[in-house]
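Student: predicted model and sequence follow; I will ask about them next.
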Amino acid sequence: MRARAGRAAAASEEAHELDIEGLQVRLTLRRSQRRSFALQVDHRGARVSVPMRTPLAEVEHFVRGHGAWLLERLQRSRQRMAAPPLTLVDGAELPLFGRPLRLRLGSGRRSQWRLDDDGGEELHLPAQGDVAQALQRALRARALAWYRERVEIYCQRLGLPMPELRLTSARTRWGSCSSRSGVRLHWRLVHLPPALIDYVVAHELAHLREMNHSPRFWAVVESVYPDWREARARLRAAALQLPVFGTMEANDAGLINAED
């Protein structure tokens with residue numbers, strides 16, 4: 001059945017296999033009205049998204065062009081599946097803005113941020129109820145306050161008005177941005193050093209100038225974040241080290257996305 005005139009064809013997905021460096025790789029091929037190619041690895045495995053009428057040979061050429069990257073990410077994804085989640089006990093540690101955060105359980109009925117005797121931070125959580133849920137709520141609130149300040153600073157540098165800011169829990173992207181919906185930043189960035197969070201902020205806000213990944217887009221990023229290349233590489237490595245706790249799937253620790 002043909003799509004009616006003036007109505008975009010529906011997106012489609014299909015399983016596909018191809019040989020990469022002697023290994024048979026399974027992936028999901030998604031065709032849609034998008035204009036660019038994207039290769040992703042997440043909890044579902046490998047996934048390539050392409051424009052609707054892209055020939056299969058061109059799809060395979062794109063995937064093989066990122067073959068080394070894809071094989072490495074698939075290997076790391078398999079390794080992460082066996083990684084145990086963080087045990088939420090009194091005294092457990094996890095990173096907050098790249099520095100150790102110690103958890104304290106069983107004090108009070110509400111979550112509280114405190115400084116320890118050495119100047120480090122502690123998060124005191126009630127022992128009653130879902131500790132993982134209480135931890136995530138506290139981290140999300142802390143993340144939103146931090147992100148708002150950084151977004152405001154980078155908007156000033158770019159000469160942009162402050163957009164609407166919300167948190168996201170997307171599995172394959174650190175953030176998104178559009179002139180209509182504003183900026184979305186992943187709450188789990190809160191674990192990373194401030195310099196890497198700033199890179200994501202600069203990257204997303206640059207899309208308010210250039211809604212693509214063209215040379216003009218990267219020039220906008222570089223105008224406010226000159227070391228974006230190094231930060232981009234560090235961010236990919238840091239994605240593999242995110243703490244996993246509660247009912248969060250172990251391989252949600254990696255937020256991996258490669259685009260062309």
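Tutor: It's in. Everything quoted here is computed from the prediction, not taken from an experiment.
Student: can you pull up the most central residue in this structure?
Tutor: Trp174 (2.6 Å; C-alpha atoms, centre = their mean).
Student: for it, give its distance to Leu235.
Tutor: 7 Å (C-beta to C-beta, to the nearest Å). In short, each C-beta sits where N, CA and C put it, glycine included.
Student: one more: Ser176?
Tutor: Taken as C-beta to C-beta, the span from Ser176 to Leu235 is 15 Å.
Student: could you do Arg171 as well?
Tutor: 16 Å.
Student: more neighbours, these two?
Tutor: Leu235 (21 against 17; other C-beta atoms under 10 Å).
Student: so the more buried one is in which element?
Tutor: helix 228-238 (DSSP states H and E).
Student: in terms of secondary structure, what does that helix contact?
Tutor: helix 194-206, helix 215-224 (3 or more C-beta pairs under 8 Å, 6 or more residues apart in numbering; DSSP states H and E).
Student: dump the ones you listed to JSON lines, plus mean pLDDT.
Tutor: Below are the helices and strands packed on helix 228-238 laid out as JSON lines (pLDDT from 0 to 100):
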{"stretch": "helix 194-206", "mean pLDDT": "96"}
{"stretch": "helix 215-224", "mean pLDDT": "95"}
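Student: any chance of CSV for those helices, columns mean neighbour count and distance to Arg31?
Tutor: CSV is the format used below for these (neighbours: other C-beta atoms under 10 Å; distance: least, C-beta to C-beta, whole Å):
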stretch, mean neighbour count, distance to Arg31
helix 194-206, 22, 26
helix 215-224, 15, 24
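Student: who's in contact with the closest residue to Pro95 other than its chain neighbours?
Tutor: Computed as C-beta to C-beta, 6 or more residues apart in numbering, the closest residue to Pro95 that is not its neighbour in sequence is His191, at 4.6 Å. By C-beta atoms under 8 Å, 6 or more residues apart in numbering, the contact set of His191 is 94-98, 242-243.
Student: likewise Leu144?
Tutor: 165, 167, 187 are the contacts of Leu144 under C-beta under 8 Å, 6+ apart.
Student: how near is it to Glu204?
Tutor: 15 Å.
Student: could you single out the nearest of the contacts of His191 to Arg53?
Tutor: Using C-beta to C-beta, Leu242 comes nearest to Arg53 of those, at 37.2 Å.
Student: please look at the closest one and Arg188 and confirm they touch.
Tutor: Yes - applying C-beta atoms under 8 Å, one finds Leu242 in contact with Arg188, separated by 5.7 Å.
Student: which one's more surrounded, the two?
Tutor: More crowded of Leu242 and Arg188, by other C-beta under 10 Å: Arg188, with 24 against 20.
Student: you'd agree that one is in a strand?
Tutor: No - using DSSP: H, G, I helix; E, B strand; the rest coil, the assignment for Arg188 is helix, not a strand.
Student: for the stretch 101-250 of the chain, which segments count as strands?
Tutor: Ranges of strands in the stretch 101-250 of the chain, per DSSP state E, counting those that start in this stretch, are 112-115, 121-125, 165-168, 175-178, 182-186.
Student: please identify the deepest-packed of those strands.
Tutor: strand 182-186 (a mean of 22; mean count of other C-beta atoms under 10 Å).
Student: nearest to Trp228, of the strands of the stretch 101-250 of the chain?
Tutor: Nearest of these (C-beta to C-beta): strand 175-178, 14.2 Å.
Student: list the buried residues in the biggest helix by length in the chain.
Tutor: Criterion DSSP state H: the longest helix present in the chain is helix 131-158. The neighbour-count check on helix 131-158 (16 or more other C-beta atoms under 10 Å) flags 131-132, 134-136, 138-139, 142-143, 146-147, 150-151, 154-155, 158 as buried.
Student: now stretch 76-89: mean pLDDT?
Tutor: For stretch 76-89, mean pLDDT rounds to 71.
Student: endpoint to endpoint, it covers what distance?
Tutor: By C-alpha to C-alpha, to the nearest Å, the extent of stretch 76-89 from end to end equals 27 Å.
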